[in-house]
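[1] Sequence first, predicted model second:
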Amino acid sequence: MCSYDWYKIWEGLTLRFHRVIALDFLGFGFSDKLRPHHYSMFEQASIVEALLRHLGLQNRRINLLSHDYGHTVAQELLYRYKQNRSGGLTIKSLCLSNGGIFPETHRPLLLQKLLKDGGVLSPILTRLMNFVFSRGLTPVFGPYTRPSESELWDMWAGIRNNDGNLVIDSLLQYINQRKKFRRRWVGALASITIPIHFIYGLLDPVNPYPEFLELYRKMLPRSTVSILNDRISHYPQLEDPMGFLNAYMGFINSF
C-alpha cells in the first residue's frame with residue numbers, strides 16, 4: 001500500500017539487488033488522494049506498468065515482493081503477464097506475505113467492514129479516523145511487536161497527507177473487488193509457473209491460522225512457505241524485519 005511499510009528492510013534489499021523500487025499506490029502515502037474517484041486494482045496495476053516503462057525497466061525481469069493490498073495488484077500483473085498483456089513486463093518471481101488473497105479466509109476489521117460497505121457512517125468515520133486509527137491498527141500487530149507511538153504517528157501522517165483519510169472508504173472497495181474477481185486473481189496464482197513464496201506471521205487476525213495456510217497450501221502446492229516466529233502477526237516486515245529479510249533472501253537464492 002505505502003512504501004513506508006517496507007522501510008525496515010530497504011537497506012537489506014539494496015545490498016542484494018541492483019535496483020529496489022517501492023511506491024505509494026494511488027490513494028496511499030504521498031501519492032494523490034483523488035476524490036471522488038473509483039479506485040481499482042486494475043488501475044493500480046496499470047500505474048505499476050507505467051512506472052516501470054517510465055524507468056526504462058519494461059524489458060527487465062522483475063522480482064515482485066508484496067504485502068496485503070499489494071497482493072491483488074501483483075495478482076493482476078501476473079494475470080496480464082500470463083495473457084501477454086503486460087506491456088513487456090517480465091515477472092521473474094513473486095513473494096507474498098500476510099494478506100487476503102482468498103476472500104473466503106479474509107477477516108476484515110470491524111472498521112474496514114463499516115467503511116467498505118459505503119453506508120451513512122462512512123463520511124463520519126473517515127473524518128474521525130484520527131481518533132480511532134491507533135486503536136484500530138494495533139490489534140493487527142502481535143502483542144509483543146506493536147509499533148511505537150512515533151511509528152504510529154508516521155503511519156498516520158502517510159494516511160493523512162492530502163486528506164487521505166477521506167478516501168479510505170473508496171480504497172477499501174478492494175475487498176469487494178477481490179470477491180468479484182476471485183476466479184481471475186486466484187486463478188492467476190494457482191496456474192503460476194514462476195518461483196513463488198509466502199512469508200507468514202501466524203498471529204494475523206485478518207488472515208487467520210490455520211484456515212488461511214491450509215487453503216494456501218491446497219491452492220498453491222508448488223509454493224514454498226516461511227513461517228516466522230509465533231509472535232508475528234499481520235505486518236511481518238515491520239514486526240520481524242530480520243526474519244522477513246532472511247526468509248526472502250533464502251527464497252531468492254533458491255533459484
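    Alright, I've got the coordinates.

[2] Every contact and neighbour count from this point should use C-alpha atoms.
    Fine.

[3] Show me where this structure has its strands.
    Secondary structure of the chain, counting by DSSP state E: strands at 61-65, 90-97, 196-200, 224-227.

[4] Deepest in the core, which of those strands is it.
    Among the strands of the chain, ranked by average contacts under mean count of other CA atoms under 10 Å, first place goes to strand 196-200 (a mean of 23).

[5] Ile194 and Arg85: what is the separation?
    17 Å (CA to CA, to the nearest Å).

[6] ok, now Met249?
    Counting by CA to CA, the gap from Met249 to Arg85 is 29 Å.

[7] Next: Gly164.
    Taking CA to CA, one finds Gly164 at 31 Å from Arg85.

[8] Quick check on these two: which one has the bigger neighbour count.
    Regarding Gly164 and Arg85, a neighbour count based on other CA atoms under 10 Å identifies Gly164 as having more, with 23 against 12.

[9] residue contacts, that one?
    Contacts of Gly164 were listed using CA atoms under 8 Å, 6 or more residues apart in numbering, and they are 27-29, 33, 158.

[10] now Gly243
    So Gly243 contacts Leu228 (CA under 8 Å, 6+ apart).

[11] Pull up the gap between it and Phe198, please.
    Taken as CA to CA, the span from Gly243 to Phe198 is 13 Å.

[12] Can you list the low-confidence ranges for the stretch 1-150 of the chain?
    Along the stretch 1-150 of the chain, segments meeting pLDDT under 70 span 86-88, 109-132.

[13] Same check on the stretch 151-255 of the chain?
    Counting by pLDDT under 70, the stretch 151-255 of the chain shows no low-confidence range.

[14] What ranges does it have for its helices?
    With DSSP state H, counting those that start in this stretch as the criterion, the stretch 151-255 of the chain has helices at 168-171, 174-180, 182-190, 211-219, 236-239, 241-252.

[15] Now do the buried residues in the second one.
    Yep, that's helix 174-180 we're talking about. 174-175, 178 (16 or more other CA atoms under 10 Å).

[16] go on, the last one?
    For helix 241-252, the buried set under the neighbour-count rule, 16+ other CA under 10 Å, comprises 241, 243-245, 247-248, 251-252.

[17] can you give me how far that helix is from the chain middle?
    17 Å (CA atoms, centre = their mean, to the nearest Å).

[18] same check, this time on the fifth one
    Between the centre of helix 236-239 and the centre of its host chain there is 12 Å, according to CA atoms, centre = their mean.

[19] Spatially nearest residue to Thr145 (excluding sequence neighbours)?
    Glu239 (5.3 Å; CA to CA, 6 or more residues apart in numbering).

[20] same thing with Thr224?
    Distances taken as CA to CA, 6+ apart place His197 nearest to Thr224, at 4.8 Å, with adjacent residues excluded.

[21] Now do the same contact list for that neighbour.
    Counting by CA under 8 Å, 6+ apart, the residues that His197 touches are 94-96, 223-226, 251.

[22] and it, bridged to which residues?
    For His197, the residues forming beta bridges with it (DSSP bridges) are Cys95, Thr224.

[23] Check the gap between it and Met249 for me.
    From His197 to Met249 the distance is 11 Å (CA to CA).
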